[in-house]
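Chemist: prediction below, plus the sequence it came from.
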Amino acid sequence: MTNQVVFTHKELVEKSKLGDRKTQYKLYSLYVNAMFNVCVRMVKSKEDAEDILQESFVEAFKNLNSFRYESTFGSWLKRIVINKSINHLKLKRVPLVAMDDYDNWIPEQQEDEDIKEEQLNVDTIKIAIKQLPEGYQTIINLYLIEGYDHVEIGEILGISTSTSKSQYHRAKKKLIALMH
């Protein structure tokens, strides 16, 4: 059963490796919407996300022979999309570690339990995330939404694991404060 999950689109991938354009388009069609959503969450701009998405698919198809079924095709493609998105953010020089500006702002006594259940809906959380500084948004997106651990985030962003952890905790506190 596991093989069916991992190799769901194996035939499409193999035909795409051979340069079959129709099959490449089918593969593109299966993943374009999900990958676009990943891009938009990361870079916040529809236009930038479209450019990054295009570059990601070009790179994926160009390097398809390096795909060895060690993960799902979707995971492999998502990694390319996230790396391209992060490179875009780095080029824009989005600060990933801007702790001093926000230290005094976050009330220390507030805990997760202070948030009422009715405040925990997806739209409220999305709005609050958008109010975070961009560096905090990046950490929250990578950790909570994309599911990377702090070691991976550190590698992706070129920061230490402990910096990733502290930024995540600060971002989470700020997010909780914004939702009150």
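Modeler: Received it, and whenever you're ready, just let me know what you need. Given the structure is predicted, the values throughout are model-derived calculations rather than measurements. Numbering: from 1, shown residues only.
Chemist: residues near Leu64, how many?
Modeler: Other residues within reach of Leu64, judged by other Cβ atoms under 10 Å, total 18. Quick note: C-beta positions are derived from backbone N, CA and C, even for glycine.
Chemist: check it and give its pLDDT.
Modeler: pLDDT, Leu64: 92.
Chemist: do the one 4 residues further on as well
Modeler: Note on Arg68: pLDDT of 86.
Chemist: tell me which residues in the host helix or strand of Tyr31 are buried?
Modeler: Secondary structure from DSSP states H and E places Tyr31 in helix 21-43. By neighbour count on 16 or more other Cβ atoms under 10 Å, the buried set for helix 21-43 is 23-24, 27-28, 30-31, 35-36, 38-43.
Chemist: so which elements touch the helix or strand that that helix is followed by?
Modeler: From helix 21-43 onward toward the C-terminus, using DSSP H and E, the following helix or strand is helix 46-62. Judged by 3 or more Cβ pairs under 8 Å, 6 or more residues apart in numbering; DSSP states H and E, the packing partners of helix 46-62 are helix 21-43, helix 73-91.
Chemist: now mean pLDDT too, for those helices, in JSON lines please.
Modeler: JSON lines is the format used below for the helices and strands packed on helix 46-62 (pLDDT from 0 to 100):
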{"stretch": "helix 21-43", "mean pLDDT": "91"}
{"stretch": "helix 73-91", "mean pLDDT": "89"}
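Chemist: before we move on, the earlier item: wait, which of the buried residues of helix 21-43 is closest to Asn65?
Modeler: For the buried residues of helix 21-43, the residue nearest Asn65 by Cβ to Cβ is Gln24; the value is 13.2 Å.
Chemist: and the closest one, how far is that from Ala171?
Modeler: Distance of Gln24 to Ala171, given as Cβ to Cβ, to the nearest Å: 38 Å.
Chemist: now render the buried residues of helix 21-43 as TSV, adding distance to Lys84.
Modeler: What follows is these, written out as TSV (distance: Cβ to Cβ, whole Å):
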residue	distance to Lys84
Thr23	23
Gln24	18
Leu27	18
Tyr28	15
Leu30	19
Tyr31	14
Met35	10
Phe36	12
Val38	10
Cys39	8
Val40	13
Arg41	13
Met42	9
Val43	9
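Chemist: let me know the closest of those to Ile86.
Modeler: Met42 (7.1 Å).
Chemist: which residues are in contact with that closest one?
Modeler: 49, 82, 85-86, 88-89, 138, 141 (Cβ atoms under 8 Å, 6 or more residues apart in numbering).
Chemist: hmm, 7 Å instead?
Modeler: By Cβ atoms under 7 Å, 6 or more residues apart in numbering, Met42 lies in contact with 82, 85, 141.
Chemist: swap in Leu175?
Modeler: Neighbours of Leu175 in contact, by Cβ under 7 Å, 6+ apart: 128-129, 132, 140.
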